[in-house]
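Novice: Build me a model:
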Amino acid sequence: MKQGILIILSGPALTGKSTFLGLINKEIKVLKIVSTDDIRMELYQSYDFKPEREKEIWDLTYQRIEDLLKEGALVALDATLRTIENRGAIVNRFKGFPIVYFAFEKPALEVLLERNRNRKWKQFPEEAIHKMFHDYQFPTESEKTYYFKVFDVPFDQYSDKIRLISDWLNINYGS
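Specialist: Down below sits the predicted model:
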C-alpha cells in the first residue's frame, strides 16, 4: 500500500485555492479533497463562519483526512490556513505523513474584493474579506522548513504551474 500524502494550501480567501486544487485534480484524477467549506455546508447548510461551530468542523475535517491518509490516498486540505498556529496544528497532527505545501501570494485587498463581487456563488461579506486579509500571515522561512515541498504560486501563473505540479505529483505519488 502507498503512503498517504497530504497537500495543504495557505492563502487568504479568494486567492484561488479551490480553483487550483480543481485544476490539479483534472490532471491527476486521484486527489481526494477535504474542504472545510463543504463540511460546513454538510453540517449546517451554510458557509457562514461561526466560532462556536469550528471545533466540530475541524474534528470532522481531521478525521476525514486521517482516514484517507491511512488508506494511502493523496489528500488535499482546502481551507484558509491564515496563521502559523493553524498550519502548525495540521503539521503536528499529521507529522507521520509527507506534506506538500502550497503558499499563495497575498494580492491587494482591492483585487480580493473585486473577485468577491464577481463570484457567482458563495460571496463573502466585505467585512469578512477585510478581516481575513489583515489576519493572514504568509509562511515564514522557518515555518516552511517543516514542509516536504514549497511552491509560491501567483494567481496569474496557475496555468504555467499546474502541469509542473501535476507531473511532480504523478512522479512522486503515481497511480
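Novice: Tell me the helix or strand right after the lowest-mean-pLDDT helix or strand in the chain.
Specialist: Taking all helices and strands of the chain together, the one with the lowest average confidence (mean pLDDT, DSSP states H and E) is strand 149-153, at a mean of 64. Following the chain from strand 149-153 toward its C-terminal end, the next helix or strand by DSSP states H and E is helix 158-172.
Novice: which other helices and strands contact that next one?
Specialist: With contacts defined as 3 or more Cβ pairs under 8 Å, 6 or more residues apart in numbering; DSSP states H and E, the packing partners of helix 158-172 are helix 17-28, strand 149-153. In this view, the C-beta of every residue, glycine as well, is placed from N, C-alpha and C.
Novice: Just put those in TSV and tack on mean neighbour count and distance to residue 124.
Specialist: Listed next are those as TSV, based on neighbours: other Cβ atoms under 10 Å; distance: least, Cβ to Cβ, whole Å:
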stretch	mean neighbour count	distance to residue 124
helix 17-28	18	13
strand 149-153	16	21
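Novice: Go through those and find the least confident stretch.
Specialist: Mean pLDDT is lowest for strand 149-153 among the helices and strands packed on helix 158-172, at a mean of 64.
Novice: follow-up on the earlier one: can I get the helices and strands packed on helix 158-172 in TSV including distance to residue 93?
Specialist: TSV is the format used below for these (distance: least, Cβ to Cβ, whole Å):
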stretch	distance to residue 93
helix 17-28	19
strand 149-153	19
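Novice: And the strands in this structure, which stretches?
Specialist: Counting by DSSP state E, the chain has strands at residues 5-10, 31-35, 74-78, 99-104, 149-153.
Novice: Sort out which residues of the longest helix along the chain are buried, please.
Specialist: Scanning the chain for the longest helix, with DSSP state H as the assignment, gives helix 54-70. By neighbour count, and taking 16 or more other Cβ atoms under 10 Å as the criterion, the buried residues in helix 54-70 are 57-58, 60-62, 64-66, 68-69.
Novice: now swap in stretch 3-11 and tell me
Specialist: 4-11.
Novice: what stretches of this structure score poorly on pLDDT?
Specialist: Across the chain, residues meeting the criterion (pLDDT under 70) sit at 1, 144-156, 158, 171-175.
Novice: so how far is residue 109 from residue 62?
Specialist: Between residue 62 and residue 109 the computed distance is 31 Å (Cβ to Cβ, to the nearest Å).
Novice: no wait, residue 84
Specialist: From residue 84 across to residue 109, the span is 21 Å (Cβ to Cβ).
Novice: same deal with residue 14?
Specialist: For residue 14 relative to residue 109 (Cβ to Cβ), the value is 10 Å.
Novice: re the thing from before, any idea which of the buried residues of helix 54-70 is closest to residue 27?
Specialist: Within these, distances to residue 27 taken as Cβ to Cβ reach their minimum at residue 68, with 19.2 Å.
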